[in-house]
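K.L.:
Give the three-dimensional model of this entry:
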Amino acid sequence: MKPQHPKKVRDLVDGVLLLDKPVGLSSNDALIKAKRILNAKKAGHTGTLDPFATGLLPLCFGEATKFSQDLLEADKTYETTVHLGVTTNTGDTEGETIETREVNVTPEQIEAVLAQFRGPIMQVPPMYSALKRDGKAYYEYAREGIVLEREARPVTILDLKFLEYSAPFLKLSVTCSKGTYIRVLGEDIGNALGCGAHLNALRRTQVGALTADGMVTLEQMQANPAPLTMLAPVDALLASFPAVQLTEDLAKRFLNGQRLALGKEDVAVPAEQGRVRVYLADKLLGTAILQEFSILAPERLIAFKPA
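P.N.:
Purely as a prediction, here's the structure:
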């Protein structure tokens with residue numbers, strides 16, 4: 001019989017890591033590496049970045065995973081370089097070239113085309129994507145040479161800036177709604193210019209309220225003797241929501257899942273209804289929905305470790 005090696009005990013780690021994902025690594029592989037460095041028990045990412053893309057990949061650990069959905073829904077900002085005149089089967093540098101065309105466009109023509117893509121647009125998801133049909137990812141069909149009919153979906157390009165043009169490379173800044181494929185945007189811009197295109201580079205710089213400030217690399221984590229100090233607190237994910245401070249008695253009731261009538265209590269109540277983050281002193285208790293008549297309805301609660 002082979003000797004049984006004891007299973008490694010993982011630590012209960014809570015917080016958010018703003019990882020600068022390197023090129024060539026999938027989001028899941030990046031998560032696994034960071035989780036191993038931190039020896040963390042529970043972790044998840046907040047929406048994938050393609051392997052060829054780099055930049056901000058917020059990773060959630062422990063209790064922070066309860067709030068990761070907010071980042072999946074959040075607007076995102078990217079800087080991208082579009083290679084005009086060359087079309088690939090994946091829309092990026094990882095695919096094979098399928099067509100090459102002459103590029104003869106002016107900055108004025110580019111600006112006129114970009115104007116067509118600002119605001120609400122319809123976008124057809126790419127075959128090389130993780131979207132599924134009949135339980136199978138589109139990219140699996142694509143690798144088998146199968147092209148499926150895909151319905152165009154509404155997305156919103158909130159901001160599209162023309163940064164630089166040095167033929168055949170066009171550099172853009174894009175802020176967009178969830179579900180937007182920047183690869184498809186690059187291809188569509190190239191088609192509108194009459195020359196085709198694919199993405200040469202893609203870097204994410206913002207997710208919701210989280211920015212590239214404070215990003216760390218896997219190499220920096222490995223070199224740090226105390227990598228846990230590189231984590232932001234759980235409430236870094238909730239910075240855009242108003243805060244509500246509860247008394248000790250109200251906090252106990254809140255953590256038991258009770259709705260609270262804050263209008264009857266000596267508690268400062270935000271002016272607007274909606275989602276709030278809830279505290280006892282500087283300790284995050286969770287999120288709640290502030291309803292009509294200052295009713296606080298618990299939403300997601302933090303599980304506290306026994307002292």
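
K.L.:
my read: Ser37 touches Met221, true?
P.N.:
Ser isn't right for residue 37; it's Ile. Yes: between Ile37 and Met221 a contact is recorded at 4.8 Å, counting by C-beta atoms under 8 Å. (Glycine included, C-beta is placed from N, CA and C.)

K.L.:
Overlap in contacts, those two.
P.N.:
Taking C-beta atoms under 8 Å, 6 or more residues apart in numbering as the contact rule, Ile37 and Met221 both touch Pro227.

K.L.:
Pull the residues that contact whatever helix or strand Ile157 lives in.
P.N.:
Assigned by DSSP states H and E, Ile157 falls within strand 153-166. For strand 153-166, the surrounding residues in contact (C-beta under 8 Å, 6+ apart) are 75, 77, 79, 107, 110-111, 114, 117-125, 170-177, 179-180, 185.

K.L.:
Which entries within those residues meet the buried criterion?
P.N.:
Among those, those buried by neighbour count (16 or more other C-beta atoms under 10 Å) are 75, 77, 79, 110, 114, 117, 121, 123, 125, 170-172, 174-176, 180, 185.

K.L.:
Show me those that map onto helices.
P.N.:
Ile110, Leu114, Leu185 (DSSP state H).

K.L.:
Relative to Arg277, which of the residues you listed is nearest.
P.N.:
For those, the minimum distance to Arg277 (C-beta to C-beta) is 33.2 Å, reached by Leu185.

K.L.:
Check what pLDDT the closest one gets.
P.N.:
You'll see Leu185 listed with a pLDDT of 98.

K.L.:
in terms of contact, does it touch Leu114 like I think?
P.N.:
No: the pair Leu185 / Leu114 is not scored as a contact, 10.1 Å apart, by C-beta under 8 Å.

K.L.:
just the CA coordinates of the lowest-mean-pLDDT helix or strand in the chain, formatted as PDB?
P.N.:
Using mean pLDDT, DSSP states H and E, helix 69-72 stands out as the lowest-scoring helix or strand of the chain, at a mean of 81. Extracted in PDB, the C-alpha atoms of helix 69-72 (Å, rounded to 0.1, in the frame of the first residue of the first chain):
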ATOM      1  CA  GLN A  69     -21.800  38.600  -8.200                       C
ATOM      2  CA  ASP A  70     -21.800  42.500  -7.900                       C
ATOM      3  CA  LEU A  71     -18.600  42.600  -9.900                       C
ATOM      4  CA  LEU A  72     -20.000  40.200 -12.500                       C
END
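
K.L.:
Could you pull up the residues touching Ala30?
P.N.:
Leu19, Lys21, Pro22, His45, Leu57, Leu59, Leu218.

K.L.:
Then it would be within a helix, right?
P.N.:
Yes: per DSSP: H, G, I helix; E, B strand; the rest coil, Ala30 lies within a helix segment.

K.L.:
most surrounded residue in the contacts of Ala30?
P.N.:
Top of these by neighbour number is Lys21, holding 28 neighbours under the definition other C-beta atoms under 10 Å.

K.L.:
Angles on the backbone of that residue, please.
P.N.:
Torsion angles at Lys21 (phi, psi; degrees, to the nearest 10) stand at phi -70, psi 130.

K.L.:
Just the pLDDT at it, thanks.
P.N.:
pLDDT recorded at Lys21 is 97.

K.L.:
Isn't it up against Ser27?
P.N.:
Yes: Lys21 is within contact range of Ser27, at 6.7 Å (criterion: C-beta under 8 Å).
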